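> Quick one: sequence and predicted model below, then my questions.
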Amino acid sequence: MTIKQFEYKPLAHYSYAIISDGKMAVIDPERNPAQYYDFAKANNAKIVAVLETHPHADFVSSHLQIHKETGATIYNSEKLGADYPHEFFDDGDTIELGKVILKAINTPGHSPDSITIVATDGNETALFTGDTLFIGDVGRPDLREKVGNMQAKREELAEMMYETMQHKFTDLPDEAIVYPAHGAGSLCGKNLSEAASSTLGDERKFNWAFKEKSKEKFIETILDGQPFIPHYFGFNVDTNKVGAANLQPSIDLIPFRENTSAEGLIVDIRNEADFKKGHLEGSINIQIFTEDAKFETWLGSIIEPNEPFTLVIDKKENKDEILHRVAKIGYEKQVRQVITLAEKQHVTSDRLDLADFKNHPEKYTIVDIRNQSEIDQEKFFKKALSHPLNELRETAKNIPTDKPIVVHCAGGYRSASGSSVLEKELKNVPVYDLSEAVNDFK
């Protein structure tokens with residue numbers, strides 16, 4: 001069998017294609033299916049199956065679009081309760097893909113409806129583990145308490161994950177290749193490896209979740225220190241349960257206007273320097289300055305699902321690329337319009353006197369917008385107030401305004417967003433972005 005791993009770095013997401021005898025299956029596809037079509041064409045293969053290991057929380061899948069455009073059958077667990085055409089794929093079920101046999105194993109823990117797909121071709125075995133088994137870790141069990149067809153408390157899912165790790169992989173060979181749905185940087189786990197794949201034997205040796213321990217200790221370990229949950233995660237689970245609309249028609253509906261202005265909620269994706277030189281009043285700066293920037297994560301952490309907003313971009317030529325990124329988390333339907341800015345309609349951001357701040361930090365209210373787990377590990381300023389960025393729009397009202405405010409994160413990317421949020425939410429007080437100068441205080 002031929003296996004191709006596709007990576008989308010901003011969400012640390014891996015999707016897969018398997019080809020055998022001219023037939024192709026796609027596993028956990030991202031929102032844009034074009035790369036899978038291109039791979040099928042390059043290999044003279046027909047896409048006949050799309051498999052979903054679970055309804056993903058951190059991205060919108062293209063399984064329904066692929067089904068509509070190719071006729072491929074969608075397979076997923078009966079427990080998922082999918083509202084699109086599909087066939088059940090659970091313990092003991094198999095699919096023939098040329099010479100390859102695909103077998104389902106129910107592996108609950110990250111979600112009640114998670115499956116692992118076992119692909120065998122002769123002596124070759126590959127495991128597509130979704131968000132159950134990562135390289136060096138397992139999926140977090142705290143994302144399905146309030147969303148999805150089947151809800152479960154985090155303690156119940158943690159116990160399910162314990163049982164999964166104890167029993168579900170026992171009969172599989174050490175040489176089986178493990179292909180997870182995420183790598184380092186994903187919020188679907190807490191200690192994921194940079195490696196894109198592993199062997200089951202190595203995971204048995206080195207992954208903490210395979211180590212012998214009591215159920216109570218396992219549950220305590222997996223629940224401790226999990227990262228925050230962005231606003232959009234529940235929305236994406238529900239979207240994936242129904243199936244997203246086709247990508248390009250959704251984007252084509254969004255109007256574009258050049259050299260203009262806007263009111264209401266505004267997301268400005270330009271780089272920090274350009275934003276600070278001039279932006280529409282009340283804009284929130286969520287930068288896309290590199291292909292790998294975690295724009296989607298922070299868009300879905302700062303902006304609520306179904307909250308309409310105007311998108312400010314740098315130039316018309318980048319419109320479709322940026323909207324494709326917005327659509328990765330299903331937020332394209334919230335975009336009222338995409339605009340570029342007209343001249344002389346801008347406000348500027350205050351510039352911090354860094355020397356004064358270094359010499360007299362007591363003159364400022366310092367706001368640390370890093371995640372709580374980061375703050376617990378190390379504080380850069382003893383008297384900094386903790387207001388994680390994903391909660392900042394809601395907690396800004398609790399920040400004192402009797403002193404100028406300095407916002408910092410770990411490296412500068414998030415503080416651009418955080419300072420713009422506070423500029424919007426707090427009036428009549430200077431708000432400064434410490435930006436990359438935070439490195440002077442580590």
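That came in fine, so what should we check first?
> Centre-most residue in the protein?
residue 58 (3.8 Å; C-alpha atoms, centre = their mean).
> Would you mind measuring from it to residue 296?
8 Å (C-beta to C-beta, to the nearest Å). Quick note: C-beta positions are derived from backbone N, CA and C, even for glycine.
> can you check residue 210 too?
Distance from residue 210 to residue 296, by C-beta to C-beta: 31 Å.
> tell me which residues in whatever helix or strand residue 163 lives in are buried?
Residue 163 belongs to helix 154-167 when assigned by DSSP states H and E. For helix 154-167, the neighbour count (16 or more other C-beta atoms under 10 Å) marks 154, 156-162, 164-165 as buried.
> From those residues, pick the one nearest residue 234.
Nearest to residue 234 out of the buried residues of helix 154-167 is residue 154 (C-beta to C-beta; 14.0 Å).
> Following the least confident helix or strand in the chain by mean pLDDT in sequence, what is the next regular element?
Ranked by mean pLDDT, DSSP states H and E, the helix or strand of the chain with the weakest confidence is helix 372-377, at a mean of 87. Later in the chain than helix 372-377, the nearest helix or strand by DSSP H and E is strand 385-386.
> list the helices and strands the helix or strand following that following strand packs on?
Of the helices and strands lying after strand 385-386 in sequence (DSSP H and E), the nearest is helix 392-395. In terms of contacts (3 or more C-beta pairs under 8 Å, 6 or more residues apart in numbering; DSSP states H and E), helix 392-395 is packed against helix 413-425.
> And the helix it packs on, how far out from the chain middle?
21 Å (C-alpha atoms, centre = their mean, to the nearest Å).
> tell me the strands in the stretch 151-300 of the chain, going along the chain?
177-180, 198-199, 256-260, 266-268, 284-285 (DSSP state E, counting those that start in this stretch).
> Quick one: those strands as a markdown table, columns for mean neighbour count and mean pLDDT too.
Shown next, in a markdown table, are the strands of the stretch 151-300 of the chain (neighbours: other C-beta atoms under 10 Å; pLDDT from 0 to 100):
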| stretch | mean neighbour count | mean pLDDT |
| --- | --- | --- |
| strand 177-180 | 24 | 98 |
| strand 198-199 | 18 | 97 |
| strand 256-260 | 13 | 95 |
| strand 266-268 | 23 | 98 |
| strand 284-285 | 27 | 98 |
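> Need those strands in JSON lines (columns: distance to residue 34).
Shown next, in JSON lines, are the strands of the stretch 151-300 of the chain (distance: least, C-beta to C-beta, whole Å):
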{"stretch": "strand 177-180", "distance to residue 34": "21"}
{"stretch": "strand 198-199", "distance to residue 34": "29"}
{"stretch": "strand 256-260", "distance to residue 34": "21"}
{"stretch": "strand 266-268", "distance to residue 34": "25"}
{"stretch": "strand 284-285", "distance to residue 34": "30"}
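> Check for me that residue 317 belongs to a helix.
Yes - Residue 317: assigned to a helix according to DSSP: H, G, I helix; E, B strand; the rest coil.
> quick one: it from residue 256, how far?
For residue 317 relative to residue 256 (C-beta to C-beta), the value is 11 Å.
> Three-state assignment for the residue nearest to residue 45 when sequence neighbours are not counted, please.
Spatial nearest neighbour of residue 45, chain neighbours left out: residue 24 (4.1 Å); criterion: C-beta to C-beta, 6 or more residues apart in numbering. Secondary structure, three-state DSSP: residue 24 is strand.
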